[in-house]
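Novice: structure, please.
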Amino acid sequence: MIEGFTALYIFMLSAFTGYEVISRVPVILHTPLMSGSNFIHGIVLVGAMVAMGHAETGLETMIGFVGVMLAAGNAVGGYVATVRMLEMFQPKKKEG
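Specialist: All right, here's what the predicted structure looks like:
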C-alpha cells in the first residue's frame, strides 16, 4: 500500500496533469472526449464497488459507500451532459 507523502505526491501530480491535458482540448473534440471519460467513470465505479466489497471495518465501508455514490453520480452526470451536448447538433424540427 502507498503511504503518506508518496500518495499525496501522486495525487497532486495526477491532478495537475489532468488539468493541463483537459485545458488544452479543442472545443471540437470535447464531445468525443466526454464519451471516453464516461467509459473511464464506469471503470472507476466498478473499482469503488470492489474496494467497498473488501472493506473490513465500518469506517472503510462508509468511505467505500461515499466513493460508490460519488462515482455513480459522476458517471450519470457525464452521460446526461453528453446527451445534452449531442442534442445541440440535432436539426430543429419544423412546425406546421
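
Novice: next SSE downstream of the helix or strand hosting Thr6?
Specialist: Using DSSP states H and E, the element containing Thr6 is helix 4-23. Per DSSP H and E, helix 4-23 leads on to helix 30-53 as the next helix or strand towards the C-terminus.

Novice: other SSEs contacting that following helix?
Specialist: Packing partners of helix 30-53 (3 or more C-beta pairs under 8 Å, 6 or more residues apart in numbering; DSSP states H and E): helix 58-87. (Each C-beta comes from the backbone N, C-alpha and C, glycine too.)

Novice: now for the helix holding Thr6, which elements pack on it?
Specialist: Against helix 4-23 (3+ C-beta pairs under 8 Å, 6+ apart) you get no helix or strand.

Novice: could you pull up the mean pLDDT of that helix?
Specialist: In this model, helix 4-23 has a mean pLDDT of 83.

Novice: where does that helix sit relative to the chain's centre, distance-wise?
Specialist: Computed by C-alpha atoms, centre = their mean, to the nearest Å, the chain-centroid distance of helix 4-23 equals 15 Å.

Novice: CA atoms of that helix as CSV?
Specialist: What follows is helix 4-23, C-alpha atoms only, in CSV (Å, rounded to 0.1, in the frame of the first residue of the first chain):
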residue,chain,number,x,y,z
GLY,A,4,1.5,9.3,3.2
PHE,A,5,3.6,11.7,1.2
THR,A,6,4.0,9.3,-1.7
ALA,A,7,0.2,9.0,-2.1
LEU,A,8,-0.2,12.8,-1.8
TYR,A,9,2.6,13.4,-4.4
ILE,A,10,0.9,11.0,-6.9
PHE,A,11,-2.5,12.6,-6.3
MET,A,12,-1.2,16.1,-6.8
LEU,A,13,0.8,15.1,-9.9
SER,A,14,-2.2,13.4,-11.5
ALA,A,15,-4.5,16.4,-10.7
PHE,A,16,-2.0,18.8,-12.3
THR,A,17,-1.5,16.5,-15.3
GLY,A,18,-5.3,16.0,-15.8
TYR,A,19,-5.9,19.8,-15.6
GLU,A,20,-3.2,20.5,-18.1
VAL,A,21,-4.4,17.9,-20.6
ILE,A,22,-8.1,18.8,-20.4
SER,A,23,-7.5,22.6,-20.6
